[in-house]
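Engineer: Sharing a sequence plus its predicted fold:
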Amino acid sequence: MGRPGGGLAVARRTSDEPSFVLHRYDWSESSLILEVFSRHHGRVALVAKGAKRPSSNFRPVLLPLQPLRLAFGGDAEIRTLKSAEWVGGQVMPTGDALLAGYHLNELLLRLLPRDDPHPRLFDAYATAVQVLASEHGEALEPALRAFELLLLREAGHLPSLDVQTLAMAPLQAQERYSLVPEAGLVAAAPDAERASLEGAQWLALQAALDDSAPFTATLRAAAGLQELKPQLRHLLHYHCGVSTLRTRQLMLDLQAL
């Protein structure tokens, strides 16, 4: 049916879109609903019709943590997947790296609204997944911290790391500061050394975030900063509205076996 004025309703069609599958769940006996992170459209929901059938071309391709090129169309909240092509070039992460990848996916699902493009964050995610798929285990923790910082910034939840948030006072290189959910970056309490960083370290992280290659620069700046992890964890839990993320609980359960 035509729109008022005689124009025809045209369904949007997207082709050759760089994407990753974040999550998938059953929609019917033969089909799946996919939560996808795409470079130019952000997080989108797609129905993959017939994807569960043994003969489906989708079946071996729609895997998490693998670079894909997708075509999809429609103007409804859940669009229809038309084609999916595996880009290749990397193996599936395993062990701790696989859990780390699921952690990144959960954060994207919780913190990004649908249809909100973040091409720089997509590029950072693609690089992070490459790190997870590599055999460089020492880069795992810095890669997670780098992506968490970039995601928080893109989602509007990260204050500037080169100034005290409430006081708007400059950081002193040798003094310690804590990143807390409701107040931003504040002078650390005397007993908060394990949940604080020196001013010089926060300044280095801010400079890395502002770099032309922010993921790589932030990964390097975050290396060895063990005190950064609990601060980012509390900030992420606060903005995700949970006390523990599902992937972290899974990790704790596996460690307890």
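Structural biologist: Received the coordinates, thanks.

Engineer: Can you pull out the low-pLDDT segments for the stretch 101-250 of the chain?
Structural biologist: Across the stretch 101-250 of the chain, residues meeting the criterion (pLDDT under 70) sit at 243, 247-250.

Engineer: Going along the chain, name the helices of it.
Structural biologist: For the stretch 101-250 of the chain, the helices defined by DSSP state H, counting those that start in this stretch cover 119-133, 140-154, 199-209, 214-222, 228-240, 246-256.

Engineer: helices and strands around the third one, which ones?
Structural biologist: The one in question is helix 199-209. Of the remaining helices and strands, those touching helix 199-209 by 3 or more CB pairs under 8 Å, 6 or more residues apart in numbering; DSSP states H and E are helix 140-154, strand 176-180, helix 214-222. Every C-beta, even on glycine, is put in place using the N, C-alpha and C of the backbone.

Engineer: What is the longest one packed up against?
Structural biologist: Spelled out, it's helix 140-154. So helix 140-154, by 3+ CB pairs under 8 Å, 6+ apart, packs with helix 95-111, helix 119-133, helix 199-209, helix 214-222, helix 228-240.

Engineer: let's see 6 Å
Structural biologist: The helices and strands touching helix 140-154, judged by 3 or more CB pairs under 6 Å, 6 or more residues apart in numbering; DSSP states H and E, are helix 95-111, helix 119-133, helix 214-222.

Engineer: and what of the last one?
Structural biologist: Counting contacts by 3+ CB pairs under 6 Å, 6+ apart, the secondary-structure elements packed against helix 214-222 are helix 140-154, helix 199-209.

Engineer: so that helix versus helix 199-209, what angle?
Structural biologist: With axes from the mean of the first three to the mean of the last three CA atoms, to 10 degrees applied, the angle from helix 214-222 to helix 199-209 works out at 160 degrees.

Engineer: cool, and the first one?
Structural biologist: The directions of helix 140-154 and helix 199-209 differ by 70 degrees, with the same axes, to 10 degrees as the criterion.

Engineer: hang on, the earlier thing: how about a markdown table for the helices and strands packed on helix 199-209, with mean neighbour count added?
Structural biologist: Formatted as a markdown table, the helices and strands packed on helix 199-209 follow (neighbours: other CB atoms under 10 Å):
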| stretch | mean neighbour count |
| --- | --- |
| helix 140-154 | 22 |
| strand 176-180 | 22 |
| helix 214-222 | 22 |
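
Engineer: how about JSON lines for those, with distance to Ser56 added?
Structural biologist: As requested, these are exported to JSON lines (distance: least, CB to CB, whole Å):
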{"stretch": "helix 140-154", "distance to Ser56": "32"}
{"stretch": "strand 176-180", "distance to Ser56": "46"}
{"stretch": "helix 214-222", "distance to Ser56": "34"}
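
Engineer: neighbours around the closest residue to Thr216 other than its chain neighbours, how many?
Structural biologist: Counting by CB to CB, 6 or more residues apart in numbering, the nearest residue to Thr216 once its immediate chain neighbours are dropped is Thr127, at 7.2 Å. Neighbour count for Thr127, taken as other CB atoms under 10 Å: 17.

Engineer: Pretty sure Thr127 sits against Phe215.
Structural biologist: Yes. If you go by CB atoms under 6 Å, Thr127 and Phe215 touch, sitting 5.0 Å apart.

Engineer: Got the domain ranges for this structure?
Structural biologist: Following automatic domain parsing, one finds the domains of the chain at 15-86, 95-256.

Engineer: End to end on the shortest one, go ahead and measure it.
Structural biologist: The reference is to domain 15-86. Using CA to CA, to the nearest Å, the gap from the first to the last residue of domain 15-86 comes to 14 Å.

Engineer: Perfect, that will be all.
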